[in-house]
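Student: here is the input, now give the coordinates:
(one chain, ligands or ions: 2)
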Amino acid sequence: MVNIVNPVLKIGIGCPVTPILTWYLLRVNLVFGEYMASVQLRNLIKNYGDTEVVKGINLDIQHGEFIVLLGPSGCGKSTTLRMLAGLEDITDGEICIEHEVINDLHPIERNIAMVFQSYALYPHMTVEENMAFALENLGVDKKTRKRMVAEIAEVLELTPLLDRKPKELSGGQRQRVAMGRAMVRSPDVFLFDEPLSNLDAKLRGQMRSEIKRLHQRIKTTVVYVTHDQVEAMTLADRIAILNGGVIEQIGTPKEIYGRPKNKFVAKFIGTPEMNVLENLGDDVTPFLATSIAQQVPDFNVLSIGIRAQDFHLNACELESDSIGSIKVTLEQVELMGSVKHLTCLFSDQRIVAEVPYRDERTPNEFELYFDINKVHVFDEKDRLITQ
Ligand SMILES: Nc1ncnc2c1ncn2[C@@H]1O[C@H](COP(=O)(O)OP(=O)(O)OP(=O)(O)O)[C@@H](O)[C@H]1O
Ligand SMILES: [Mg+2]
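Tutor: Ligands and ions are numbered 1, 2, ... in the order given. Here you go, the predicted structure:
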């Protein structure tokens, strides 16, 4: 089934008013975000031979939403994105834009723009030519192309660089050109595949803010792939956590951080990684044992998760009336700036506590206190039971 969802393409082919109309529609889109689209993935499956790579993904992406697909290497993020862009055949399922199935639509007809990790700029072309290339292919005349590119270049602060070749640009500038090239097409949906991973930490932070600002301004629907949880937490309206080709959890950054559905999500989100204590037995203060046992009778098979930030050196720092504690032995202190990380042993299990930098008292053996309401309790299948 073929559904043209984009009025630019629908009206565009072979029509003499195309350049002006295209320019007008693109401008309206850029300024008001008129053409953002909703996206639906229905039981999306991808197999390479006998290997199942994407195992039935369901995802509803709203108009103008910024969705991040987050997961470890090889979990199927790029494959999902490439199927959405039409660059990869799907094995089964449906991809819809505005609830219309687009499985058989050619990539160019989907009006989806993709920004890759390797920006894939044409080295022999200037910034302006790189950005205008897609418009040229769409049959937009030279004068209109120039005007449209100038407008986007202004948004991305690329105006002084329009005559340069890619090799004369920094990594961050190249990245912006790649985004500009996608933006001039005024897509319904933007796809980003790890667009910042080639940049150094400082530039990555800057570009992250630029992408966020840009999205707030143009409000186009974005699907953004990364394995960097900080990027996911700072950029996303909602995060979909992928693991081995399935979605483990979908939620806002706050939901995913505060209430991870299972141990995998709990450990994947947050720095340092959430401490998970197994086989607690009698080592935990009796109060914790009793409190959890009330909710889950079979206490011994459980594990509990406590974030490093939820440990305190003094019980009086906690405003809770249900305080638990564990006795630990200090192994290592790492100064992180405003905080320090104490790596400790609890029986034979290694845990990390984040405490204020100013706290000088770190004897060899001490108690770590925590609010029992902030403890994440997992069942024998690693699913969250309660918090
Ligand atoms: N053309 C292919 N043929 C066979 N297997 C493939 C092909 N492309 C990808 N794969 C496999 O599919 C799985 C998912 O790959 P994908 O590129 O989607 O991972 P990813 O989540 O994007 O990982 P990364 O973070 O490393 O980019 C991997 O195990 C990969 O080896
Ligand atoms: Mg990838």
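Student: now do the SS call for Q332.
Tutor: strand (DSSP: H, G, I helix; E, B strand; the rest coil).
Student: OK, contacts around it?
Tutor: 342-343 (CB atoms under 8 Å, 6 or more residues apart in numbering). For the C-beta atoms, the positions are set from N, CA and C on the backbone; glycine is no exception.
Student: point me to the residue of the stretch 201-350 of the chain nearest ligand 1.
Tutor: H227 (4.8 Å; CB to the nearest ligand atom).
Student: I figured that residue hits S73, correct?
Tutor: Yes - contact criterion CB atoms under 8 Å: H227 and S73 qualify, at 6.2 Å.
Student: the two: who's more crowded?
Tutor: Legend: neighbour count by other CB atoms under 10 Å for H227 and S73, higher for H227 (18 against 7).
Student: mind checking how far the more buried one is from I241?
Tutor: Separation of H227 from I241 (CB to CB, to the nearest Å): 11 Å.
Student: okay, and the common contacts of the two?
Tutor: 70-71.
Student: which bits of the stretch 51-200 of the chain sit near ligand 1?
Tutor: Contact residues, the stretch 51-200 of the chain versus ligand 1 (CB under 6 Å from any ligand atom): 53, 71, 73-79.
Student: one more time with 5 Å
Tutor: Neighbours of ligand 1 within the stretch 51-200 of the chain, by CB under 5 Å from any ligand atom: 53, 73-79.
Student: give the buried subset of the residues you listed as a PyMOL selection command.
Tutor: Of these, the buried ones go into a single PyMOL selection, burial set by 16 or more other CB atoms under 10 Å:
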select buried, resi 53+75+76+77+78+79
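Student: make JSON lines from the residues of the stretch 51-200 of the chain next to ligand 1 and add distance to K46 to it.
Tutor: Output for those, formatted as JSON lines (distance: CB to CB, whole Å):
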{"residue": "V53", "distance to K46": "5"}
{"residue": "S73", "distance to K46": "17"}
{"residue": "G74", "distance to K46": "13"}
{"residue": "C75", "distance to K46": "12"}
{"residue": "G76", "distance to K46": "7"}
{"residue": "K77", "distance to K46": "12"}
{"residue": "S78", "distance to K46": "11"}
{"residue": "T79", "distance to K46": "5"}
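Student: of the residues of the stretch 51-200 of the chain next to ligand 1, which belong to strands?
Tutor: Here DSSP state E is the test, and these give V53 as lying in strands.
Student: mind listing what's buried in stretch 351-365?
Tutor: 351-355.
Student: how about low-confidence regions in the protein?
Tutor: Scanning the chain for pLDDT under 70 picks out 1-35, 279-301, 361-362, 386-387.
Student: would you map the helices across it?
Tutor: Under the criterion DSSP state H, helices of the chain are mapped to 7-12, 18-32, 77-85, 127-137, 142-155, 171-183, 201-218, 229-235, 253-258, 263-268, 286-295.
Student: show residues contacting stretch 79-96.
Tutor: Contacts for stretch 79-96 (CB under 8 Å, 6+ apart): 39-47, 53-54, 56-57, 69, 101-103, 105-107, 110, 112, 114, 189, 191, 193, 223, 225, 242.
Student: list only buried entries from these.
Tutor: Looks like the contacts of stretch 79-96 have 39-41, 44-46, 53-54, 56-57, 69, 102-103, 105, 110, 112, 114, 189, 191, 193, 223, 225, 242 buried, using 16+ other CB under 10 Å.
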